[in-house]
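Novice: I would like the atomic coordinates for the input below:
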Amino acid sequence: MYASVADLRAEGVTEAVAADARLEALIALASRYVERITGRFFEPRELTLTVDGTGGRTLPLGHPIIRIDDVFIELSVYAPGDLPVDPTVYRVYNRHLTHGLLLPDDRDDPKLEFVHGGDLLGVRFEPPGLSLSSLVWPRGQQNVTVRGAFGYTEPDGSPAGRTPALIRHVTMLLVMRELPRLADVDQREDAQRRWRITSERTRDQAYTLEALRLTGAFTGDPEIDNVLVAFVRPPDLGAA
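Specialist: Purely as a prediction, here's the structure:
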């Protein structure tokens, strides 16, 4: 989950407003909503990806890379087994964690890339049909397996990084919208449209709402949607 009960308590949500169990359920709901809208997940997850070989030196992956453990190429000449790829002959594009580099940001273009020619520095890795000067990911369907840890995290000095602060913040905002129960219609409406209020008179219970704009918004609340749109996964990021 992308926020905690303690985070919400620190923001002033008391037990009288919501018990721990309800907050945990709402945080889980909000976290899944964030993933559904952005097409990403924002925590380290151990995954085994099966991707299509490109026929070139680069292999796009579908999720930002935290760590690569193993890479295997399925080759018919080695059937029924797979060919392990020596980690010294390919580069891992996760420099946001290894070097703190955010420009370019490898999270938007996660990939593995074979080292070529003189860059191999004496490494001896020569599978049939591939030369040291031109290693490629053999073209095929689901013929490359990559095991490791993946997820869109931000660098914090640790090997895996952390959930981005903006994602934690927007998760809490989503929880606040859902605090009133479904039967509390008035409170739910107030929580979900308060961002539209341009003027309010508390004594007479009157207020004016800004005109509703539906131009690609997710929730309609710009404080939430402006964050979510910034984290939406780019199209054609890669197969996984």
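
Novice: which intervals of this protein have sub-threshold pLDDT?
Specialist: 76-81, 117-134, 181-217, 236-240 (pLDDT under 70).

Novice: The nearest residue to Phe231 once chain neighbours are set aside and Asp108: what is the separation?
Specialist: Spatially, and ignoring its direct neighbours in sequence, Phe231 is nearest to Thr38 (4.6 Å; CB to CB, 6 or more residues apart in numbering). Every residue, glycine included, has its C-beta placed from N, CA and C. As defined by CB to CB, to the nearest Å, Thr38 lies at a distance of 12 Å from Asp108.

Novice: Settle it for me: which of the two has more neighbours?
Specialist: Thr38 (20 against 12; other CB atoms under 10 Å).

Novice: List the contacts of that one.
Specialist: Contacts for Thr38 (CB atoms under 8 Å, 6 or more residues apart in numbering) come out as 228, 231-233.

Novice: of those residues, buried ones?
Specialist: The neighbour-count criterion (16 or more other CB atoms under 10 Å) marks 228, 231, 233 among the contacts of Thr38 as buried.

Novice: Can you classify the first one as helix, strand or coil?
Specialist: Local secondary structure at Leu228 is given as helix here, using DSSP: H, G, I helix; E, B strand; the rest coil.

Novice: Helix or strand: which one has the residue nearest to it when sequence neighbours are not counted?
Specialist: Of all residues not flanking Leu228 in the chain, Ile37 sits nearest, at 5.1 Å (CB to CB, 6+ apart). Element membership of Ile37, judged by DSSP states H and E, is helix 20-38.

Novice: For that helix, which residues meet the burial criterion?
Specialist: Quick answer for helix 20-38 (16+ other CB under 10 Å): 22-23, 26-27, 30-31, 33-34, 37-38.
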